[in-house]
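A.B. asks: next come a sequence and a model predicted from it.
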Amino acid sequence: MENLTTYENFKNTKDNILVIVDVQKSFEKYFPQNYVTELKEYSRKFDRVYQIFDTNKTNKPSYKFPNQVSAVDKRFGHKWFDENTKKNMETFNLNHPFVGQLFNIENRNEYLVYTNNNHKWFYVNERLAKLFRKLEGKNITLVGGAGSLKSTDKKVPNRNQMYQDSECLLDVELALKAFGVKINLEPKFIYSVQTDNSQEISSEIQK
């Protein structure tokens, strides 16, 4: 058990980096009370903050957080896949990939991560790949939305009750781990399709 890392040891060794996923106005109906305000305050504790935002309904982030270094777009779904990418995906499927397996798209600095989720594959565009490489080997804190009961992190309390139907945060979590990033999930700032603004931010993980 010499490679076991306890939660306390993790807190003492993390690189003071925060990554925020899909905290934007298109999902605000799922935010607990004062979620954005408190997340902005929480961001002040970190030296570097990176934001990853969904481009399904927008082409820019809704918020800028304290100590934010950059905001990187996340492109989801087959509408972004050209014929070359689809051909690569068909080949990768034949190899019976495992969850979290990383594949390089031929002749590009782009990748696919097998998630076996609502979307079977997570697309890592060139901008995301550049960010993930920058974070490789680092200990980061991951927050945002939405979670999933399939997450590999068992430290989050009541996880199976809290996250059932959404996968955005899990897909990013799997992709980060595929690039060698070490992750701590902060449950206070993880929202899901089961949370909303009738709930207090401090109590939403106790459902």
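C.D. replies: Yes, it's here.

A.B. asks: could you pull out the strands for this protein?
C.D. replies: 17-21, 48-54, 68-74, 102-104, 111-114, 121-124, 139-145, 182-191 (DSSP state E).

A.B. asks: can you redo the ones you listed as a markdown table with distance to Lys40?
C.D. replies: To be clear about C-beta, it is placed using only N, CA and C from the backbone, and glycine gets the same treatment. Shown next, in a markdown table, are the strands of the chain (distance: least, C-beta to C-beta, whole Å):
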| stretch | distance to Lys40 |
| --- | --- |
| strand 17-21 | 10 |
| strand 48-54 | 10 |
| strand 68-74 | 10 |
| strand 102-104 | 32 |
| strand 111-114 | 29 |
| strand 121-124 | 27 |
| strand 139-145 | 12 |
| strand 182-191 | 11 |
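
A.B. asks: closest to Ile201 out of these?
C.D. replies: Of all those, the one in closest proximity to Ile201, counting by C-beta to C-beta, is strand 182-191 (6.5 Å).

A.B. asks: for the closest one, output the C-alpha coordinates as CSV.
C.D. replies: Output of strand 182-191 as CSV, limited to C-alpha atoms (Å, rounded to 0.1, in the frame of the first residue of the first chain):
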residue,chain,number,x,y,z
LYS,A,182,-4.4,14.1,-10.4
ILE,A,183,-7.8,15.2,-9.2
ASN,A,184,-9.6,16.2,-6.0
LEU,A,185,-13.3,16.8,-6.4
GLU,A,186,-14.8,19.5,-4.1
PRO,A,187,-18.4,18.3,-3.5
LYS,A,188,-19.6,21.7,-2.2
PHE,A,189,-19.1,23.2,-5.7
ILE,A,190,-20.4,20.3,-7.8
TYR,A,191,-23.9,20.7,-9.1
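
A.B. asks: many thanks, have a good one.
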